[in-house]
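J.: This is a predicted model, with the sequence first.
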Amino acid sequence: MLLKIFLSSTLRKYYPGYESLVGIEYPVDGEISVATLIRTLKLPQERIKIVMVNGAHASLEDILKGDERVALFPPVGGG
């Protein structure tokens, strides 16, 4: 099964060749935690502050089984 991963704003620079309209398709055989997925993709975990799985807030400990849409966001600033 495939995971579909989308990176927001400044996280895109950590994945060479990332295309925002396509995202990343990552094959999963079994289960994988969000934290393990982030390490496998070589993304800096400390730069990820928000995780969404299928449109709902998730944690780094959540388990993915395939066919999920994962969105990763850096800290958001504003004022």
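T.: Okay, I see it. Residues are numbered from 1 along each chain as shown.

J.: Could you pull up the residues touching residue 5?
T.: Residues near residue 5 by CB atoms under 8 Å, 6 or more residues apart in numbering: 23, 24, 25, 26, 37, 41, 69, 70, 71, 72. (Glycine included, C-beta is placed from N, CA and C.)

J.: if we go to 10 Å?
T.: 15, 18, 23-26, 37-38, 41, 43, 64, 68-72 (CB atoms under 10 Å, 6 or more residues apart in numbering).

J.: From these, list the buried ones, please.
T.: 15, 23, 24, 26, 37, 38, 43, 64, 68, 70, 71, 72 (16 or more other CB atoms under 10 Å).

J.: Nearest to residue 9 among those residues?
T.: residue 72 (10.1 Å; CB to CB).

J.: three-state assignment of the spatially most central residue of the chain?
T.: The residue lying closest to the centre of the chain (CA atoms, centre = their mean) is residue 72, at 4.3 Å. Put simply, residue 72 is strand when judged by DSSP: H, G, I helix; E, B strand; the rest coil.
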